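Novice: Got a predicted structure here, sequence first:
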Amino acid sequence: MTAIDYFTESHSVEAVNGRMGPATDARLAHVMARLVTHLHAFIKDVELTQEEWANAIGFLTRTGQICDGNRQEYILLSDVLGVSMLVDAINNRRPTGATENTVLGPFHVDGVPEYPMGATITQEGGKETCLFEGTVTDLAGTPLQGVRIDVWSDNEDGFYDVQQPGLQPTHNNRGIFVTGPDGRYWFRGIKPVAYPIPDDGPVGQMLGHLGRHPYRPAHMHFIISRAGFDTIVTHTFVEGDKYLHSDAVFGVKQSLIAPFDPVPEGETKWRSTFDFVMHKGAA
Ligand code: BEZ
Ligand code: FE
């Protein structure tokens with residue numbers, strides 16, 4: 001038995017990684033070995049104190065304890081640390097011109113009704129009514145038929161329906177639309193407003209300690225999907241929003257900022273036009 005078998009500060013990485021069994025799945029072995037390497041380097045870099053270690057364990061414990069079927073504090077942690085956006089960027093590299101992805105967020109729900117084009121997704125009324133419209137094409141500009149457009153937004157108070165069960169109608173500000181041969185979509189909703197991500201838990205406390213606000217700039221969520229094309233998980237952001245440059249979850253991309261134009265005498269008060277471009281992918 002050599003001295004390296006024992007754990008020392010200088011050989012900490014080798015001591016841990018050396019225990020890995022030879023039959024470990026190759027990808028798992030690689031990811032875990034790199035995780036241990038970076039984690040130990042970080043702890044040595046900051047010379048983590050015993051008290052800081054205990055605080056970190058307490059933080060992770062509280063993060064787990066607040067999680068349930070509706071609340072996913074670990075994803076929120078990933079979001080505010082930029083990890084969600086980084087994983088998304090690495091896994092959704094697309095050619096220039098194709099619509100970019102951004103974070104999914106925790107408020108998407110399955111089983112939402114499909115509506116005819118032009119329907120309104122807002123079931124509780126709303127002052128700042130808005131027409132959302134545009135075209136879905138491929139990279140060559142050909143309109144795409146049969147594209148499923150799944151949309152959701154907050155209400156004028158900054159809450160999704162699932163955050164206010166009993167207060168908001170089920171599926172308020174949600175809907176699914178399918179494009180016809182012209183590739184066009186249009187539906188009515190309300191102009192979304194900026195809102196804070198859930199900040200009553202450990203992630204919110206962490207943001208407070210770091211002098212960071214919890215707000216996301218106003219946005220409409222979209223999932224654009226069609227067989228044979230990369231699914232686009234994205235938002236359109238309200239042009240001019242005061243949080244565009246400080247989104248709590250780093251979701252804003254310049255190409256996703258959409259105009260919201262007042263429509264004098266219109267059926268809706270606002271109109272937002274945004275065209276989506278799909279990339280023929282492996283999906
Ligand atoms: C959202 O846009 O719905 C969202 C994204 C990340 C964290 C919280 C909310
Ligand atoms: Fe959102």
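Specialist: Looks like it arrived, so ask away. Numbering: from 1, shown residues only. Ligands and ions are numbered 1, 2, ... in the order given.
Novice: switch to C-alpha atoms for all contacts and neighbour counts from now on
Specialist: Noted.
Novice: Please determine how far the residue of the stretch 51-200 of the chain at minimum distance from ligand 1 is located from residue 60.
Specialist: The minimum distance from the stretch 51-200 of the chain to ligand 1, using Cα to the nearest ligand atom, falls at residue 105 (3.4 Å). Distance, residue 105 to residue 60, using Cα to Cα, to the nearest Å: 20 Å.
Novice: Same question for residue 173.
Specialist: For residue 173, the distance to residue 60 - Cα to Cα - is 34 Å.
Novice: Can you pick out the residue with more neighbours from those two?
Specialist: residue 173 (24 against 16; other Cα atoms under 10 Å).
Novice: Enumerate every residue touching that one.
Specialist: By Cα atoms under 8 Å, 6 or more residues apart in numbering, the residues touching residue 173 are 121-123, 151-155, 160-161, 189-190.
Novice: Could I get the pLDDT score of the most centrally placed residue in the chain?
Specialist: Centroid check for the chain by Cα atoms, centre = their mean gives residue 103 as the closest residue, at 1.8 Å. pLDDT recorded at residue 103 is 95.
Novice: so it sits in a helix?
Specialist: No - with DSSP: H, G, I helix; E, B strand; the rest coil as the criterion, residue 103 is located in coil rather than a helix.
Novice: you'd agree it is up against residue 87?
Specialist: No - the criterion here is Cα atoms under 8 Å, and residue 103 misses it with residue 87 at 9.7 Å.
Novice: Is the nearest residue to residue 159 once chain neighbours are set aside bridged to anything, and to what?
Specialist: Nearest residue to residue 159, sequence neighbours excluded (Cα to Cα, 6 or more residues apart in numbering): residue 195, at 7.4 Å. Beta-bridge partners recorded for residue 195 (DSSP bridges): residue 216.
Novice: what about residue 195, how many residues close to it?
Specialist: 20.
Novice: residues in contact with it?
Specialist: 158-159, 215-218.
Novice: can you put the residues you listed in a markdown table and add neighbour count and pLDDT?
Specialist: Shown next, in a markdown table, are the contacts of residue 195 (neighbours: other Cα atoms under 10 Å; pLDDT from 0 to 100):
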| residue | neighbour count | pLDDT |
| --- | --- | --- |
| 158 | 16 | 97 |
| 159 | 19 | 96 |
| 215 | 19 | 98 |
| 216 | 24 | 98 |
| 217 | 24 | 98 |
| 218 | 25 | 98 |
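Novice: Determine which two of the residues you listed are furthest apart.
Specialist: Within those, 159 and 217 form the most distant pair, 13.1 Å apart (Cα to Cα).
Novice: which bits of this protein sit near ligand 1?
Specialist: Residues of the chain that fall close to ligand 1, judged by Cα under 6 Å from any ligand atom: 76, 79, 105-107, 197, 249.
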